[in-house]
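Novice: Fold the following, please.
(3 chains)
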Amino acid sequence: MTEEIIIAGFGGQGVLSMGKILAYSGVMQNKEVSWMPSYGPEMRGGTSNVTVILSDERISSPTLNAYDTAIILNQQSMDKFESSVKPGGVLVYDPNGITHHPTRKDINIYQVPATEKASEMGNMKFFNMIILGGFLKVKPVVKEEFIKKGLEKSLPVRHHGLIPDNLKAVTLGSEILKPINTL
Amino acid sequence: MKELKLMKGNEAIAEAAIRCGVDGYFGYPITPQSEILEHLMSENPYDKTGMVVLQAESETASINMVYGGACLGKKVMTSSSSPGISLMQEGLSYMAGAELPALVVNVVRGGPGLGTIQPSQADYFQTVKGGGHGDYRLITLAPAFVQEMYDFVELAFELAFKYRNPVMILSDGIIGQVMEKVEVDDYKSRWTNEYIREQFPWAMTGKTADRPHRIITSLELEASRQEKVNLRLQSKYKDCEAQEVRYETTQCEDADYFIVAYGSSARISQKAVEVARENGIKVGLIRPITLWPFPSKAIQEITAKAKGILCVEMSAGQLIEDVKLAVECKIPVEHFGRFGGIIPSPAEVVEALHSKLM
Amino acid sequence: MKREDIVKPENLIYKRTSVLTDNVMHYCPGCGHGVIHRLIAEVVDEMGIQDKTLIVAPVGCSVLAYNYFDLDAAEAAHGRAPALATAMKRLRPDQFVLTYQGDGDLAAIGTAETIHACNRGENITMIFVNNGIYGMTGGQMAPTTLEGMKTATSPYGRDLSTMGNPLKITELIAQLPGSYYVTRQAVYTPALVRKCKKAIRNAFEYQKLNKGTSFVEIVSNCNSGWKLPPVKANQWLEEHMLPFFPLGDLKVPENK
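Specialist: Model prediction:
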């Protein structure tokens, strides 16, 4: 099993940390993982993306041009990565701020209205975990127990009190996942 | 006990340094490798192992601090990225001339000049063909995985002390910035001063009555003596070439075509090999792990019946020169590269296989 | 009287210091380096720290200093001695670490290393021999060459408007919070030699306190570069160098 994922959105949306939690959960499940951010001037303010790969074998390229799954959090990233999903692959996106929705018919497309839910909850911090929950519902690449361990490893100890709420957000994400196009 | 961690390549270098008993790190911040110094500073290595970490005023000062520490028989290192490594060439030449062990890590970025902060492999020539003045060699290790960033720190010091020569870990912005699973070791003790005094008859440990004073220098005013120094160095390099070549092959047994690539380009190329094989093209990958000494003989033997070789590198064509020399131009050798900080995609590599070799 | 009648321990009134080697020094007759080497060697000898002293030689006339001191020694690249010494002292705080540098080495090409080592307060001793000229390479202009002084690269005299000003780096170092003891000495008369030795001794003793950099400038001569016989060179030193580089302590520990 190898799962090649791109997560893309605005800097500040928790793109990198979502990827890191997913990658660390993979490590806890003793998978091979790779987490490769775009870095440099791109990081400052503009768009931010990270390639996360989980595999049972040694991972070849940490940077890719085609993905099994794209997790898209803003319009610029939709424009850039919709075409990079492999045929038969998965695109998960938050419809908030998306004006041009994905149009491909050869991939599975899901919405997770995470921005809306997070603002209802009054805490945008859990936004990325809601998205992650939606993705894991479609592709259960790591088990829930390892998500908890991944959170413990990737969050600083002073934030460990927030882990139960983070896990609730993951569950919430899986509940509000909405299929748009399935093969 | 082994422990699993998710780490950036840069952090793995720093973590390995602390855990394998390095005595001192001296460095200056530069993107994309500042996490090395940052990680070292945040881990308080002095409390853990007594390791000294100092942010120097420049790369020039850093490499000369490394020079100073190496004179004492201590395990010392620095790290930088391309422009900073250029500043260190003087020190590297001096250390090679004075036959001092040390580790220098280069997390390469795009050049020339200030260039970009994105990944590149354009420092190959600088590393394996000289860089500083004089006839000298740097033992050069090219990690392709974060685990290798970790493992090669200890290996680098083994080789550095075995040959009394500086060792370069030639990495790049991808391997420096990517996070992967790393198995880390327990903390090892640093060498004691007594151990160094016994083991290294060249090291400055303080002149005692039982031995002559020790001088570490690369200066020899008489040409005939300097020629002897050079001959000794060359003979040492020959030994190293005979014993220390390291490389890895993937799916080479039945291959018609070969890709030769190191570091992150080898990872990208391995993906390209997977894709090409799905399309029925028999491609194999040869990944040099030591760039000097270069696996010339292995490449020659493995590719003896090849239809063609593609060198994939994030440069305008540097590694390809050594590959051409290795096969003595008996086989078509082509180059595919992106440069200036652009990372080639696996699809581009497959396309280059088609357009350049078939 | 035979030689054997003379060479007896009870007749000994002066000898080569044991911390110097038997190698014949290459320095020009009248040069200050020989005297300064001897003073350092005597201090190391008297303090009994030969096995605990590491010396870093520069590039310049004293590039071969390591051949004359019977100490473990390293030869630095031009100007980089303070960087080497920084690492040495930090990795072996139990040792006395000493740099020996000239004006070109310490105050031109190595200015950054000098200033930053002193500013960090590296617990080392720096001996700075200032003769206002590049001696080894044949008498070119140095950062400390005086106004109007003729050298191979200022053949009509140093013109401040185009060649810049001579640098009083010792005054600069005295301003830095990391420097602990900063003094300027000379060795062209016996009285000054004795004074200079005391300063060098202080500079070594202060390393035991771990309170910062000890810096001793020694204004010296260069007969060959100045194109003067030794006695005249010393007169010239007194008349021209000392008004610009006045002798004395620039910074002494307050508790002294």
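Novice: and the residue lying closest to B:Pro295 once chain neighbours are set aside, what does it touch?
Specialist: Residue nearest to B:Pro295 in three dimensions, not counting chain neighbours: B:Tyr247, with 4.1 Å by CB to CB, 6 or more residues apart in numbering or on different chains. In this view, the C-beta of every residue, glycine as well, is placed from N, C-alpha and C. B:Tyr247 sits next to B:286-290, B:295, B:298-299 when contact means CB atoms under 8 Å, 6 or more residues apart in numbering or on different chains.
Novice: Ok, B:Tyr94 next?
Specialist: B:67, B:132, B:218, C:77.
Novice: Could you say which helix or strand holds the first one?
Specialist: By that I understand B:Tyr67. helix B:59-71 (DSSP states H and E).
Novice: Of the contacts of B:Tyr94, which is the most crowded?
Specialist: B:Tyr67 (33 neighbours; other CB atoms under 10 Å in any protein chain shown).
Novice: quick one on the thing from earlier: as a markdown table, the contacts of B:Tyr247 with pLDDT, secondary structure and neighbour count would be great.
Specialist: Output for the contacts of B:Tyr247, formatted as a markdown table (pLDDT from 0 to 100; DSSP: H, G, I helix; E, B strand; the rest coil; neighbours: other CB atoms under 10 Å in any protein chain shown):
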| residue | pLDDT | secondary structure | neighbour count |
| --- | --- | --- | --- |
| B:Ile286 | 98 | strand | 26 |
| B:Arg287 | 98 | strand | 22 |
| B:Pro288 | 98 | strand | 27 |
| B:Ile289 | 98 | coil | 20 |
| B:Thr290 | 98 | strand | 21 |
| B:Pro295 | 98 | coil | 24 |
| B:Ala298 | 98 | helix | 17 |
| B:Ile299 | 98 | helix | 25 |
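Novice: Nearest to chain A, out of these: which one, please.
Specialist: Set against chain A, the nearest of the contacts of B:Tyr247 by CB to the nearest CB is B:Arg287 (11.1 Å).
Novice: what's the spacing between B:Leu40 and chain A?
Specialist: For B:Leu40, the distance to chain A (CB to the nearest CB, to the nearest Å) stands at 19 Å.
Novice: can you check B:Pro83 too?
Specialist: Distance from B:Pro83 to chain A, by CB to the nearest CB: 15 Å.
Novice: B:His39 touches B:Ala17, doesn't it?
Specialist: No - assessed by CB atoms under 8 Å, B:His39 is found out of contact with B:Ala17, at 9.3 Å.
Novice: The two - which one has more neighbours?
Specialist: Neighbours per residue, other CB under 10 Å: of B:His39 and B:Ala17, the larger number sits with B:Ala17, 32 against 21.
Novice: residue contacts, the more buried one?
Specialist: B:25, B:40, B:45, B:51, B:77, B:153.
Novice: Now intersect the residues you listed with the strands, please.
Specialist: With DSSP state E as the criterion, strands contain B:25, B:77 from among these.
Novice: Quick check, A:Gly88 in contact with A:Thr182.
Specialist: No - A:Gly88 lies out of contact with A:Thr182 (CB under 8 Å); the separation is 11.1 Å.
Novice: Please enumerate the shared neighbours of those two.
Specialist: Common contacts of A:Gly88 and A:Thr182 (CB under 8 Å, 6+ apart): A:Asn108.
Novice: which residues touch the residue in the stretch 1-150 of chain C that chain B sits nearest to?
Specialist: Of all residues in the stretch 1-150 of chain C, C:Leu84 sits closest to chain B, at 3.1 Å by CB to the nearest CB. Taking CB under 8 Å, 6+ apart, we find C:Leu84 in contact with B:64-65, B:67-68, B:71, C:56, C:74, C:76, C:99.
Novice: Fine by me, we can end here.
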